Structures are given as C-alpha cells and as structure tokens.
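K.L.:
Structure of the sequence below:
(one chain, ligands or ions: 2)
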Amino acid sequence: METSDVPVGVADVSITDSKPNPPAPTNTASMLPPCRVCGEKASGFHYGANTCEACKGFFRRSLKKKGEYKCVNNKDCNIGPGKRNGCPKCRYKICLDIGMSKEGKYNDSI
Ligand SMILES: [Zn+2]
Ligand SMILES: [Zn+2]
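P.N.:
Ligands and ions are numbered 1, 2, ... in the order given. Below you'll find the predicted structure:
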C-alpha cells in the first residue's frame with residue numbers, strides 16, 4: 001500500500017513588493033460632469049453627489065447651520081455658474097434635491 005503522503009511543501013512564493021500598479025488617476029477631474037449644484041467644474045463626489053469644491057464647502061457649512069437660510073425671492077432662485085452665491089437657501093435646496101446628505105460623505109476626506 002502506497003501512501004503518497006507527500007508533505008505539501010509550502011510553495012516558495014516569495015512575497016515581493018511587486019504589486020500591480022493601481023490605475024493612475026490621470027486627469028479624472030477633467031472628465032467629471034459639472035457640479036450638479038452650480039454647474040461649474042466639479043472636483044469629485046462629495047456628500048453623495050458630484051459637486052465642486054465650493055459647493056462641497058457650502059454644504060458642509062449648511063449642515064452646521066442646519067440650512068437655516070432665508071430666500072429673498074420665492075425659493076426659486078436661479079443658481080448657476082457665477083450665480084451660485086446668490087441665494088444660499090436655494091443653493092442648499094438644490095443640494096438636498098440632488099441627494100446630498102452628511103451620510104453621503106463616505107468618499108470625502110476631511
Ligand atoms: Zn458647485
Ligand atoms: Zn432663493
């Protein structure tokens with residue numbers, strides 16, 4: 001009876017540091033869609049939505065203020081490129097409308 005009980009030698013896999021290079025972030029910023037709040041160039045995914053740095057910061061401040069802004073118009077101000085600072089109330093409303101929330105900041109490094 002032949003027991004081929006060969007001790008399984010641990011394969012000599014020497015762990016080297018030759019990890020495959022992660023895909024380099026090559027200019028992804030230029031490929032992003034525009035900020036969903038103000039329409040300017042977005043910098044990435046913040047608070048659950050694709051926004052620019054300005055709107056990210058704005059939303060962060062808004063969370064602290066709990067969005068307590070007043071709209072001087074009828075809450076239908078036009079927030080767009082160059083006009084995003086016009087009305088924080090309406091800008092904040094857009095943030096909420098597009099699904100921004102403090103829970104959505106998983107991808108945001110503070
Ligand atoms: Zn923006
Ligand atoms: Zn407004």
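K.L.:
Could I get the full set of helices for the chain?
P.N.:
53-65, 88-97 (DSSP state H).
K.L.:
I'd like to know which of the ones you listed lies nearest to ligand 2.
P.N.:
helix 88-97 (3.4 Å; CB to the ion). Every C-beta, even on glycine, is put in place using the N, C-alpha and C of the backbone.
K.L.:
Do the closest one and ligand 2 come into contact?
P.N.:
Yes. For helix 88-97, a contact with ligand 2 is found by CB under 5 Å from the ion, at 89-90.
K.L.:
Kindly report the same for stretch 59-68.
P.N.:
No. Stretch 59-68 does not reach ligand 2 (CB under 5 Å from the ion); its nearest approach is 12.2 Å.
K.L.:
Compute the mean per-residue pLDDT across that stretch, please.
P.N.:
Across stretch 59-68, pLDDT averages out at 93.
K.L.:
Ok, stretch 46-54 next?
P.N.:
95.
K.L.:
And it, what's buried?
P.N.:
By 16 or more other CB atoms under 10 Å, the buried positions in stretch 46-54 come out as 46-52, 54.
K.L.:
and what of stretch 86-99?
P.N.:
For stretch 86-99, by 16+ other CB under 10 Å, it's 86-95, 98.
K.L.:
What of stretch 36-44?
P.N.:
Within stretch 36-44, the residues that count as buried by 16+ other CB under 10 Å are 36-40, 42-43.
K.L.:
Hmm, S62 is touching C90, no?
P.N.:
No. Counting by CB atoms under 8 Å, S62 does not reach C90; the two are 11.7 Å apart.
K.L.:
tell me which parts of the chain are close to ligand 2?
P.N.:
So the chain meets ligand 2 at 71, 73, 77, 87, 89-90 (CB under 5 Å from the ion).
K.L.:
filter those by proximity to ligand 1?
P.N.:
Applying CB under 5 Å from the ion to these, none is adjacent to ligand 1.
K.L.:
ranges for the strands of this protein?
P.N.:
Here the chain has its strands, by DSSP state E, at 44-46, 49-51.
K.L.:
Farthest-apart pair in the buried residues of stretch 36-44, please.
P.N.:
Greatest spatial distance among these (CB to CB): G39 and S43, at 13.5 Å.
K.L.:
Fine by me, we can end here.
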